[in-house]
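> Show me the folded form of this:
(chains A and B, ligands or ions: 1)
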Amino acid sequence: MPESPSTLSIEEFIQEVFEENFELLIAESGHAISPQAKQVALEQVLLYWRKLRDVAESVTDTEVLLTLPAQTTPQGREFTIEGVVDIVREDEHVIMYDIKTHDADYVRENIELYKQQLNVYAHIWQELRRQPLDAMAVIATDFPSEVKSALAHLDPRALDAALERWEPIVPIEYDPAHKDRTIYAFGEIVDKIQNGEFPPPPLEVLQTPIKGGWRQERFGTRVCRNCDARFSCDSYRQYAMGNRRISERGMEYFTEDDSNQEDWRTASLDTMFSE
Amino acid sequence: MNLNDHIRIMTQKMLTMEYLWDLAGFRPNPQQREAILHVDGPLYITAGPGSGKTRVLLWRTLNLIVFHDIKPDEIFLSTFTEKAAKQLTDGLRSLLGLVTNLTGQPFDLSGMYVGTVHSLCRRIISDRRRFFTDRHRQRPPVVLDDLGQYFRLNNVRTWNAMVSYAGLDPDDAAEHINKIFSVDSISRHRAIEHLRPVFNRFSEELLDPVTIRSQLDTYSWDGFSGEQVDLLLTLYEGYRKTLQEGHLTDFALLQQEAFRVLNDFSGSGQVFSHVIVDEYQDTNTIQERIFFELASGTSNLCVVGDDDQALYRFRGATVENFVQFPERCRAYLNMAPRRIGLETNYRSRTDIVDFYTRFMRQIDWHSADRKLVYRVEKKIRAHRQDAFPAVVASMPNKPVQACQEIAVFVRRLLNEGKVDNPNQIAFLYPSLKSVQVERMKNALEAQGLQVYAPRAGRFLDVDEAVDVFGICLLIFGRPSLRGMGRDIEGFREWLNIIEERAESLIYHDPRLGRFVADRRAELQRALSDYQALQRVVARNHWDTKQPYNPEMMKRTLVSAPGLSTSGRKLVSSAYLDRIVIKRIQEGRPFSLDYIIRRATSLDWNVLDLFYRLMGFEHFKAMFDQAERQGDEGPVANLGLITQYLQRFNEERVSIITANLLEENQFQGMFFNSFLFALFRLGESELEDPEDPFPRGRIPFLTIHQAKGLEFPIVVLGNLYKQNRGAPLMERLARPLLPDKSSEPLERMSEFDIMRMFYVALSRAKNLLILPHFKGSPTTSAFKPFLRERITRLSEFDLDSLPTSRMEDDELPKIYSFTSDYLFYKKCPRQYMIFRKYGFVPSRSQTMFFGSLVHRTLEDLHHELIRRRKLSQAQPQSGGDHA
Ligand code: SF4
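You can find the predicted model right below:
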């Protein structure tokens, strides 16, 4: 008899759909992510399930598409805003969750950004769809370094303890005043996109440490270092000139981070010569 | 019931289509209205150019979902391109969002079948839930796209297997095959290019080699003998066999596979309550069968199209599917369709509409016995009524002068602000390989105007490709290329050009020169490390296949005489030690060979190299321009190059190891095999170029590429297309097809040429410009117009021409909070490069990661909800097993 999916354990189920989604996304996007990143993605889902099992089990509407149609930009273009949330309804109590693959500290430090977003969603949900709403929160699935190292050392007890201390849910305050400002700002960006304005952020932004980032890392390091387009980027070049570590190695070197580079080597060799 | 629910129900009851049209500012004309509101039975919509067809499709779908309770999952909507599918779903989502906000009723479009036939077929064959009775998991085959199909056939092993199956000697099989097509050549490439369309056509026509072979003497061909056709059939069987063995399929066979799934599944006519097909004039036989099969249970098949705009015969499309749709409906569904003609043109000025309407009347569309008409009769009317001329010609002149006159006129249009950007003026050509294209380009350039030709001619010939691959050539060294023949000569010439170009680039940028030299040194070092390690292996009588034993081998390898510092570092790295031990513990130790490859591998692949190169002034300047609303053409091309490089990474070499550098193997793979294949495939008629076109340049497009687009001003660059008679493929396929009411072979090409020009003429909104070349051939349907008193450019009154501003697409766009707003906010430049121009990232992770996590979480939640419902339904079953 063919295996019915419900006999799979949830973790097996996750592994299986994860692989399917991975293949599908490759087909859709024409590229993949590195095996390490893939592994991290899987771990995020598995740990979400382990840590937030009660939330996961009480989700009543998943990936709810919220649309705010018929908006007009400052320059008069019509556009629609779209976002996705998860909803938990329990005993007349409704919570809206926005799941992010960011880490919780980052979310807490940059709470404004998330407030803007969720308040627009709340507006759509309450005002347009006329649905009740009692609370909102971000779920940050990127786990803290403590969990990371427990995973790397295959230490189940340390993992349990680290999971215990992890606080991935960040409540978001309801504040309707945010909504209009955000929609206006959104419209401005739509205009910029349509007008073809794509300058990089100025040097000052690259030099500013990212709030909630790891060890005061700056934008130019945390974001730009992972950007393939950095070599041709004015802002990054100015940034690199003022940064000893980068300019010493020069823009012409390929390795900037040895362990990433070794990961890449392993992965590429694996795909090319699957032994 | 609480107040909210009450209000919702009230609004639901009061909600009408009129109200929604009002909200969206849409005023349908009576025909559009009828088409939108039509629900039951087959519907045949003939939609002239610019007749608002997309809106009709959109609103019709909305009507079904909102007012007729059809679930989005029950709708099958096939479009011609993925872009069109995206536009439709975006529009639908916006409108449904409006409805949701009015009534509180949410709609979920994720289960709706919308996309190209290919993507929908792919979905059918893996949709276990809907099309299979037993849910047994069968892995669907991997689908080869056109390039993939080519590479597959070009693979020596596959090729030999296929030709041997057909009893040919691999040594002269290509020559043999080329002869069938009256070509004297031993080139395997040419043989493949002959066979691919034949195979695809056989698949699309559902031809069965065994049946045909058994009745071979009942057929006769113009240009082929029975034995030749027999051989082609056998090759086809051999080809299918090699695909099966690799668990592969191609686009044409994918459709067959889907059709088989439908036939095997008894409920396939009931899965969708509505089947809607856009661009029906470009469907082929297998697609027609699929659509009728899907509609067999409900008869709700709605087709939309325009036979006058049929362009894809060379891909097996049969316009007769559309022209004879009423007869087909009677045959398959036993019903006559309702026909609605969308004939109001909202695009072009009166003079333009009159012009192309009269153009189509220049030839007789009847069969010789006048019993059949090969064209659907229609009366297109312009919505924009004005009495001024809108079709103008140059003075009758030698091509060089005529082009010059047009170029000067275009300059004036820009100077006087009649259009706000050069990308609003399109030059359309039957083929971009004609000399007229060069002439026109030169004339425009003499006026200081720049041209953008997306994949015009050969992609490898665009400046940016020449630049990038030229530098690659300097780094990796020139491959040795043996052999003769036109293609190889051409490729050699191309290699010369790119090499020269690269030399000049490094001459002007010494930093780039140093960079190239450093990379070369790096390759050299890897190679000499490789040899050093190999010597150690030989001296110790090791076998590279044997497992790597660090205790015994590591020290010896590290101290190999001549090994470079970086090589030593790689062999002795702590990272490597860790994974080596891990693998030994897992019982699958690395081989010595693996260690050597790893120690001599480069830190970068060709895509990494590409991104580094972008840092040099010459390339960086291209990005600088695009960031600041300047010329986007070069960056658009660079984005395409990343897609090709990624393809090479994926299919060939994702990491360069020194063993590949021995004996120029890598050069062979990159240049002689990969780039040479791209070079020979040349221009693939890839439509769907990005739209709007890059600012600052005048687009030069083939008429095929312009399909579905419109421009304020159109110059039809060449009024001539040679009538070469029916294509070979038609002459081969026709005798094998059962249907006898098809267009006669001897008229086919004439019809096709008319249709092609019709597409070109109907792209223009405000002004259509024609060159009047003397001493060059002109397709005869144009001649009466040029002889008549047509307005000449010199007498054209510019004041009568409406000014046009760049317009956005008519349908509002959807922007996502995360992947548009926040992405742009983080870094607009990164947004432009990866999201707008689709650069394939090499190391950056972009959106892939987030999508992967989100989709899996969504599936997880669905599964949990499902299990919860199950256990609530049967509480005695003991809960879930998690
Ligand atoms: S390097 Fe990339 S992310 Fe950083 S500023 Fe430049 S484009 Fe933006």
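
> how does chain A divide into domains?
The record assigns chain A these domain ranges, following automatic domain parsing: A:53-194, A:203-274.

> got the ones you listed as TSV, with mean pLDDT columns?
Formatted as TSV, the domains of chain A follow (pLDDT from 0 to 100):
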stretch	mean pLDDT
domain A:53-194	89
domain A:203-274	78
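
> can I get these in a markdown table with mean neighbour count and distance to B:F839?
The C-beta positions use only the backbone N, C-alpha and C, and glycine is treated the same way. Formatted as a markdown table, the domains of chain A follow (neighbours: other Cβ atoms under 10 Å in any protein chain shown; distance: least, Cβ to Cβ, whole Å):
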| stretch | mean neighbour count | distance to B:F839 |
| --- | --- | --- |
| domain A:53-194 | 18 | 16 |
| domain A:203-274 | 17 | 7 |
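
> quick one: which of these is nearest the ligand?
Among the domains of chain A, the nearest to the ligand by Cβ to the nearest ligand atom is domain A:203-274 (3.2 Å).

> follow-up on the earlier one: now render the domains of chain A as JSON lines, adding distance to chain B.
Formatted as JSON lines, these follow (distance: least, Cβ to the nearest Cβ, whole Å):
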{"stretch": "domain A:53-194", "distance to chain B": "3"}
{"stretch": "domain A:203-274", "distance to chain B": "3"}
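
> Got phi/psi on the most centrally placed residue in chain A?
Per Cα atoms, centre = their mean, the C-alpha nearest to the average position across chain A is that of A:T101, at 3.1 Å. With angles defined as degrees, to the nearest 10, A:T101 sits at phi -90, psi 30.

> Quick check, it in contact with B:V853.
Yes. With contact defined as Cβ atoms under 8 Å, A:T101 reaches B:V853; the gap is 5.1 Å.

> okay, and the common contacts of those two?
Each of A:A41, A:Q44, A:T141 lies in contact with both A:T101 and B:V853 under the rule Cβ atoms under 8 Å, 6 or more residues apart in numbering or on different chains.

> So the residue nearest to the centre of chain A versus A:Y48, what's the distance?
The gap separating A:T101 from A:Y48 is 10 Å, by Cβ to Cβ, to the nearest Å.

> so what's in contact with the two at the same time?
With Cβ under 8 Å, 6+ apart, A:T101 and A:Y48 have common neighbours A:T141.

> In strands, which of the shared contacts of A:T101 and B:V853 appear?
A:T141 (DSSP state E).

> can you list the residues of the stretch 651-800 of chain B near chain A?
Within the stretch 651-800 of chain B, the positions lying close to chain A (Cβ under 8 Å from any Cβ of the partner chain) are B:V653, B:S654, B:I655, B:T657, B:R695.

> Could you rerun that using 10 Å?
When proximity is defined by Cβ under 10 Å from any Cβ of the partner chain, the stretch 651-800 of chain B lies next to chain A at B:R652, B:V653, B:S654, B:I655, B:I656, B:T657, B:L660, B:P692, B:P694, B:R695, B:G696.

> likewise the stretch 251-400 of chain B?
Counting by Cβ under 10 Å from any Cβ, the stretch 251-400 of chain B has no residue next to chain A.

> Determine the next helix or strand in the C-terminal direction from the helix or strand containing B:K783.
In this assignment (DSSP states H and E), B:K783 forms part of helix B:783-787. The helix or strand immediately downstream of helix B:783-787 is strand B:791-792, counting by DSSP H and E.

> Could you list every helix and strand in contact with that following strand?
The helices and strands touching strand B:791-792, judged by 3 or more Cβ pairs under 10 Å, 6 or more residues apart in numbering or on different chains; DSSP states H and E, are strand B:391-393.

> Which parts of the stretch 51-200 of chain A are strands?
A:59-72, A:78-90, A:93-103, A:135-142, A:169-172 (DSSP state E, counting those that start in this stretch).

> Switch those over to CSV; also include distance to the ligand.
Compiled in CSV, the strands of the stretch 51-200 of chain A are given as follows (distance: least, Cβ to the nearest ligand atom, whole Å):
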stretch, distance to the ligand
strand A:59-72, 27
strand A:78-90, 23
strand A:93-103, 16
strand A:135-142, 19
strand A:169-172, 25
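
> Tell me which of the ones you listed approaches B:I125 most closely.
Nearest of those to B:I125, taken as Cβ to Cβ: strand A:59-72 at 25.2 Å.

> Compile the residues of the stretch 651-800 of chain B next to chain A into a markdown table and extend it with columns for neighbour count and secondary structure.
Shown next, in a markdown table, are these (neighbours: other Cβ atoms under 10 Å in any protein chain shown; DSSP: H, G, I helix; E, B strand; the rest coil):
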| residue | neighbour count | secondary structure |
| --- | --- | --- |
| B:R652 | 17 | coil |
| B:V653 | 19 | coil |
| B:S654 | 19 | coil |
| B:I655 | 23 | coil |
| B:I656 | 25 | coil |
| B:T657 | 23 | strand |
| B:L660 | 25 | helix |
| B:P692 | 18 | coil |
| B:P694 | 26 | coil |
| B:R695 | 21 | coil |
| B:G696 | 19 | coil |
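
> Nearest to chain A among those?
Chain A lies nearest to B:I655 out of those, by Cβ to the nearest Cβ, at 3.6 Å.

> Which residue comes closest to that closest one once chain neighbours are left out?
A:S268 (3.6 Å; Cβ to Cβ, 6 or more residues apart in numbering or on different chains).

> Run through the residues that contact the residue of the stretch 501-650 of chain B found nearest chain A.
With Cβ to the nearest Cβ as the measure, B:G615 is the residue of the stretch 501-650 of chain B nearest to chain A, at 3.0 Å. Counting by Cβ atoms under 10 Å, 6 or more residues apart in numbering or on different chains, B:G615 touches A:229-233, A:236-237, A:251-252, B:511-512, B:515, B:623.

> Just say helix, strand or coil for it.
coil (DSSP: H, G, I helix; E, B strand; the rest coil).

> quick one: the residue of chain B found nearest the ligand from B:R835, how far?
Residue nearest to the ligand within chain B: B:C827 (3.4 Å; Cβ to the nearest ligand atom). To B:R835, B:C827 is 11 Å away according to Cβ to Cβ.

> and those two? which has more neighbours close in?
The neighbour comparison of B:C827 against B:R835 (other Cβ atoms under 10 Å in any protein chain shown) goes to B:C827, with 25 against 16.

> Now do that one against B:V653, distance only.
Separation of B:C827 from B:V653 (Cβ to Cβ): 31 Å.

> Kindly report the same for B:S844.
21 Å.

> And B:I340, what's its pLDDT?
As predicted, B:I340 sits at a pLDDT of 97.

> Can you classify it by secondary structure?
Following three-state DSSP, B:I340 is assigned to strand.

> How about it, nearest residue that isn't a chain neighbour?
B:A35 (4.8 Å).

> Hmm, that neighbour is touching B:I45, no?
Yes. B:A35 lies in contact with B:I45 (Cβ atoms under 10 Å); the separation is 5.4 Å.

> Quick one: the helices in the stretch 351-500 of chain B, in order.
Per DSSP state H, counting those that start in this stretch, the stretch 351-500 of chain B carries helices over the ranges B:399-415, B:435-446, B:463-476, B:486-508.

> need the contact list for B:R313.
So B:R313 contacts B:282, B:284, B:319, B:726-727, B:729-730, B:743, B:748-749, B:751-752, B:755 (Cβ under 10 Å, 6+ apart).

> Save those residues as CSV, and put in distance to A:I169, pLDDT and neighbour count too.
Converted to CSV, those look like this (distance: Cβ to Cβ, whole Å; pLDDT from 0 to 100; neighbours: other Cβ atoms under 10 Å in any protein chain shown):
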residue, distance to A:I169, pLDDT, neighbour count
B:D282, 52, 93, 24
B:N284, 54, 93, 22
B:V319, 59, 93, 29
B:A726, 69, 89, 21
B:P727, 64, 88, 16
B:M729, 62, 89, 17
B:E730, 65, 90, 21
B:E743, 66, 90, 24
B:M748, 67, 92, 21
B:S749, 68, 94, 19
B:F751, 66, 96, 20
B:D752, 63, 95, 21
B:R755, 61, 97, 21
